[in-house]
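Engineer: how would this look folded up:
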Amino acid sequence: MRELLRRRNAFAVAGVATGLAAAAMAVASLSPVPPVAGDGVGPVLDAARTRGVLRVGVRAYPRPSPPGHPLPPEPDSFDADLATMLGERLGLRVELVGLAPDVRETALRDGRVDLLAAGASTEAPARAAVMRGGPVSRWEDLRGRVACVADGSPYAEVLSGRFGVSPRTYPSAVHAAYGFMAGECAALVEDGEVIERLLGQEAWRFYSPLAGTLPAASAVPLPLATGDAPSSRFVEATRRWWRASGGEAQARLRRTGGINFEVALLEDGNICH
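Structural biologist: Below you'll find the predicted structure:
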């Protein structure tokens, strides 16, 4: 009898172990696999490898600071995270090049950068903050009005096309929030997580969110210095892996926290330069 019980226990333990191994294999099979940059990715990325540096054009803006003490522009955190991830996948050092909107295409053509992360967007839905008790209580009420959005906003096109809104673009989400609080727009439209965090601040008690969300425009491939289909395929496959693996969500979280902190600085008398 004891021998029979021993055998049964052994089979039970073996069955559990086999089940756990199968579960682990199933999880591993579901985990996204990053694309591998083999030899000869494409002319643009091959040139970056030869150089040893991936040069990425990003958005950059000065953070809030006391009056009379402006800070130099710093890269947008989301752009920087995306560029850093691409460099890691290629095994290259990354050089972030802050570019204003009107010089980005020129920088690409002149070869100052290999690609543009400036304006890279997520697929996160937007929410809108409006004045509490004001004339705007629905998305439809924004028709013919102005909405504050950040440079590279994936919501500007949808706002304009669906609701007839005139987007007013600012260098950053912080500048857009500053403009909204100054009464320059009827609404602030941003990543829903950003709006939710901002509305939790004491200074935002006079504002409320519109019901519902707005979808982001479809993501477009990052512009490269030259027409280079192989390099573009690798970059876009890597972006999809970044999204599926949760890396993009972490970058969004860092961006949301940074915006919330920087907007809070405005309450302390700092200004957007």
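Engineer: Pretty sure Gly247 sits against Met85.
Structural biologist: Yes: Gly247 lies in contact with Met85 (C-beta atoms under 8 Å); the separation is 6.1 Å. In this view, the C-beta of every residue, glycine as well, is placed from N, C-alpha and C.
Engineer: So which of those two has more stuff around it?
Structural biologist: It is Met85, of Gly247 and Met85, that has more neighbours when counted by other C-beta atoms under 10 Å, with 21 against 18.
Engineer: got the contact list for that one?
Structural biologist: Applying C-beta atoms under 8 Å, 6 or more residues apart in numbering, one finds that Met85 lies in contact with Thr238, Trp242, Gly247.
Engineer: Please list the members of those residues that lie in helices.
Structural biologist: Secondary structure defined by DSSP state H assigns Thr238, Trp242, Gly247 of the contacts of Met85 to helices.
Engineer: Take the residues you listed and lay them out in JSON lines including distance to Cys272 and pLDDT.
Structural biologist: Listed next are the ones in helices among the contacts of Met85 as JSON lines, based on distance: C-beta to C-beta, whole Å; pLDDT from 0 to 100:
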{"residue": "Thr238", "distance to Cys272": "33", "pLDDT": "96"}
{"residue": "Trp242", "distance to Cys272": "30", "pLDDT": "96"}
{"residue": "Gly247", "distance to Cys272": "29", "pLDDT": "96"}
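Engineer: Between these, which sits nearest Ile195?
Structural biologist: Checking those against Ile195 by C-beta to C-beta gives Gly247 as the nearest, at 22.7 Å.
Engineer: Tell me the spacing between that closest one and Trp241.
Structural biologist: In this view, Gly247 and Trp241 are 8 Å apart by C-beta to C-beta, to the nearest Å.
Engineer: As TSV, the contacts of Met85 with distance to Gly183 would be great.
Structural biologist: Below are these laid out as TSV (distance: C-beta to C-beta, whole Å):
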residue	distance to Gly183
Thr238	42
Trp242	38
Gly247	37
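Engineer: for those residues, which one is nearest Asp268?
Structural biologist: Gly247 (32.4 Å).
Engineer: Beta-bridge partners for the residue lying closest to Arg132 once chain neighbours are set aside, please?
Structural biologist: Closest residue to Arg132 apart from its sequence neighbours, by C-beta to C-beta, 6 or more residues apart in numbering: Ser208 at 4.5 Å. Beta-bridge partners recorded for Ser208 (DSSP bridges): Val130.
Engineer: gap between Ser208 and Leu199?
Structural biologist: Counting by C-beta to C-beta, the gap from Ser208 to Leu199 is 7 Å.
Engineer: Between the two, which contacts overlap?
Structural biologist: Ala129.
Engineer: What ranges does this structure have for its helices?
Structural biologist: Using DSSP H, helices in the chain cover 2-30, 43-51, 77-90, 104-109, 156-163, 173-181, 192-199, 229-244, 247-267.
Engineer: residues of stretch 239-253 that come out buried?
Structural biologist: Going by neighbour count (16 or more other C-beta atoms under 10 Å), the buried part of stretch 239-253 is Arg239, Trp241, Trp242, Arg243, Gly247, Glu248, Ala251, Arg252.
Engineer: Pick out the least confidently modelled helix or strand of the protein, by mean pLDDT.
Structural biologist: helix 2-30 (a mean of 40; mean pLDDT, DSSP states H and E).
Engineer: Run the chain-centre distance for stretch 265-273.
Structural biologist: 24 Å (C-alpha atoms, centre = their mean, to the nearest Å).
Engineer: neighbouring contacts of that stretch?
Structural biologist: With C-beta under 8 Å, 6+ apart as the test, stretch 265-273 has contacts from 62-67, 70-71, 174-175, 177-178, 181, 201-203.
Engineer: List the contacts of the nearest residue to Leu222 once chain neighbours are set aside.
Structural biologist: Nearest residue to Leu222, sequence neighbours excluded (C-beta to C-beta, 6+ apart): Leu115, at 5.2 Å. Going by C-beta under 8 Å, 6+ apart, Leu115 touches Val44, Leu54, Val56, Gly57, Leu86, Leu108, Leu222, Pro223, Leu224, Ala225, Val235.
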